[in-house]
Structure formats: C-alpha cells, structure tokens
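Novice: Sequence first, predicted model second:
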Amino acid sequence: MQATPQLAEIKLPNVRKLFLPDPGHVLLDVDLSGADAQVVAWEAQDDNLKSAFKAGLNIHNHNGKTIWGDNYTIDGKRPGAKYTMRDECKRAVHATNYGTSARTLAVTLGWKISEAETFINRWLTRLHPAIGDWHDRVDYNLKTTRTITNAFGYRIVYFDRVDALLPTALAWTPQSTVALVCSKGGINIRKIPWVELLKQVHDSLVFQIPIHRFTPANLAVIQRHLEVEVPYPNDPLLIPWEASYSLKSWGDVEKFKWSMEGVAI
C-alpha cells in the first residue's frame with residue numbers, strides 16, 4: 001500500500017496564476033510595507049520605533065538587534081528554535097504588540113513559557129513602555145466605553161465580555177487603519193483614466209494599465225495618488241507602498257522600484 005503523503009509534502013497550485021492581464025496590459029500589485037507595525041508605533045507614540053521607520057530601517061532586523069544584540073543574525077537560528085532569529089523576532093513582536101499571552105507565544109514559537117514571559121516583559125517594560133501604555137489606554141476605553149476609535153475617526157463598539165477583548169481590540173486599530181489607507185488609495189487611483197482597478201486584498205491593490213503607460217513618469221502619478229496620510233495629530237503617518245509587476249499573471253509578479261530601475265519590457 002502506498003503511503004499517504006504528508007500535508008507538508010503536498011505542493012498546492014498557485015491560484016493567482018489564473019488571473020491574467022488583458023492583452024497589451026501589465027498587471028501591478030502594490031502593497032503597504034510594514035503597515036501594521038507602523039500604525040502600532042504611531043498609536044503608541046513610540047519615538048524609537050517611529051524614528052526607525054522614518055529612517056527606512058528594516059524594522060524586523062532593527063528589533064532583532066535591539067533584543068539579541070551582537071548574537072542576532074538574519075538567517076541564524078537559536079539552539080532548538082523552530083524559526084530563524086528574524087522570523088522569531090517578527091512573530092514575537094507582532095504577537096506581543098497585539099496582547100498575546102506568554103503561553104500562546106510559547107506554543108507558537110516552541111519557547112518555554114518562562115522565555116515568553118521574559119520576552120513580553122522586556123519588550124513592553126524595558127524596550128518599548130509606550131506600547132504598554134497604549135495597551136493600558138485601549139483596555140481603559142474597553143472597560144469604560146466598550147468603544148475603540150482609529151485615527152480616521154471610525155469606531156467599533158464591542159458587546160462581548162470586556163475581560164477577554166483586549167487582544168481583539170488592539171488588533172482592530174492597526175488592521176482597520178491599514179484597510180482604510182488601502183481602500184482610499186484604491187479610490188484615488190480609479191480617478192486615473194488609464195488605470196483599471198481589479199481588487200483589494202486587505203493591504204494590497206491589484207490593477208492593470210496599458211503597457212505603453214508603464215513608464216517612470218506614469219508610475220510617479222500612480223504613486224502620488226496612492227499616498228494617503230493617516231491623520232495623527234502633529235505627526236501624520238504616510239505608509240510607503242511597494243510594487244510588483246507581471247506581463248503573465250498575478251502569480252508571476254516581481255518586485256521592482258517605482259523608478260523602474262532594472263525593469264526591461
């Protein structure tokens with residue numbers, strides 16, 4: 001009897017390859033870079049993280065070096081780890097920002113609970129107390145008004161038990177903000193007559209343009225239309241967009257610079 005292949009061995013088809021540009025068109029996929037993490041930094045008013053984003057640093061490497069110092073390497077693994085140090089850092093920071101428990105973090109990353117407790121305490125207390133303060137503000141709003149509001153003025157009212165809602169409420173603010181930035185960017189590029197918007201996928205937009213419009217000047221027009229400020233008082237947030245293109249399909253898109261450096265069609 002032939003053994004049943006393990007799920008990890010089964011390579012699923014890339015269904016995005018079913019989505020093709022029209023003849024004579026190029027398909028573009030643009031997404032907001034590091035969007036959720038930036039909104040967290042601005043919500044928390046964390047000057048250290050905001051400065052790192054404004055300087056264009058790779059935030060996951062920045063955080064990894066902050067946490068593990070000279071022992072940090074992008075592709076390196078700690079003894080017995082499930083993920084690279086970069087991936088561990090990315091997952092642990094994201095989960096901690098959204099109020100995970102030490103037990104959940106330990107199970108997710110294969111850590112001891114004590115390791116997870118140490119990480120959470122260090123991130124929220126020693127390295128980024130502003131994020132801990134943000135958690136407290138959201139928790140206070142939940143307990144007093146059951147309402148959370150994002151920078152655009154949209155709000156959500158919760159009717160469940162508030163004692164278990166903090167992680168959900170913490171996630172809502174960045175996720176709703178990013179979805180709004182993406183949606184507003186999509187509405188803006190629809191004003192360009194030669195842009196055909198096809199779909200939005202949370203923090204990304206897929207659209208097509210005629211090949212003869214695929215020039216640095218026209219891409220600059222698209223980029224300007226995509227830019228949507230998150231209206232934080234005194235320090236508005238402008239999340240950068242990364243772009244990919246393909247003449248074949250959505251599943252074949254490749255990243256490129258808005259200047260079209262190195263792109264040949």
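Specialist: Here it is on my side, so go on.

Novice: Tally up the residues packed near Trp42, please.
Specialist: 21 (other CB atoms under 10 Å). All C-beta atoms are positioned from the backbone trio N, CA, C, and that covers glycine.

Novice: List the contacts of it.
Specialist: By CB atoms under 8 Å, 6 or more residues apart in numbering, the contact list for Trp42 reads 50, 151, 230, 232, 235, 237.

Novice: Can you tell me the element it falls in?
Specialist: Secondary structure from DSSP states H and E places Trp42 in helix 35-44.

Novice: same thing with Ser114?
Specialist: In this structure, Ser114 sits in helix 113-121 according to DSSP H and E.

Novice: Between helix 113-121 and the helix or strand following that helix, find me the angle.
Specialist: Counting by DSSP H and E, the next helix or strand C-terminal to helix 113-121 is helix 129-145. Relative orientation of helix 129-145 and helix 113-121, computed by axes from the mean of the first three to the mean of the last three CA atoms, to 10 degrees: 90 degrees.

Novice: Helix 129-145 packs against which elements?
Specialist: helix 35-44, strand 147-149, helix 166-189 (3 or more CB pairs under 8 Å, 6 or more residues apart in numbering; DSSP states H and E).

Novice: Tell me which of these lies nearest to Val107.
Specialist: Ranking those by their distance to Val107 (criterion: CB to CB) puts helix 166-189 first, at 14.9 Å.

Novice: how about the helix or strand that that closest one is followed by: buried residues?
Specialist: Note on helix 166-189: by DSSP H and E, the next helix or strand toward the C-terminus is strand 196-201. The neighbour-count check on strand 196-201 (16 or more other CB atoms under 10 Å) flags Gln200 as buried.

Novice: And stretch 186-195, by the same measure?
Specialist: Buried, per 16+ other CB under 10 Å, within stretch 186-195: 186, 188-189, 192, 195.

Novice: and of these, the nearest to Glu115?
Specialist: Gly186 (41.7 Å).

Novice: per-residue pLDDT, that closest one?
Specialist: We have a pLDDT of 97 for Gly186.

Novice: ok, now how distant is it from His225?
Specialist: 10 Å (CB to CB, to the nearest Å).

Novice: Let me see the contact set for Ser244.
Specialist: Contact analysis of Ser244 by CB under 8 Å, 6+ apart lists 28-30, 253-256.

Novice: If you could redo that for Lys82, that was the one I meant.
Specialist: Contacts of Lys82 by CB under 8 Å, 6+ apart are 88, 109-110.

Novice: same thing with Leu238?
Specialist: Neighbour list for Leu238: 227-230 [criterion: CB under 8 Å, 6+ apart].

Novice: try 10 Å
Specialist: 38, 54, 181, 227-230 (CB atoms under 10 Å, 6 or more residues apart in numbering).

Novice: What does it show for phi and psi?
Specialist: phi -120, psi 110 (degrees, to the nearest 10).

Novice: now swap in Arg86 and tell me
Specialist: phi -60, psi -50.

Novice: now it: how far from Asn48?
Specialist: From Arg86 to Asn48 the distance is 19 Å (CB to CB).

Novice: Ala41 too?
Specialist: Applying CB to CB to Ala41 and Asn48 gives a distance of 8 Å.

Novice: and if you look at Tyr245?
Specialist: Tyr245 is 35 Å from Asn48, by CB to CB.

Novice: out of these two, which sits in the busier spot?
Specialist: Neighbours were counted for Tyr245 and for Asn48 using other CB under 10 Å; Tyr245 has more, 22 against 12.
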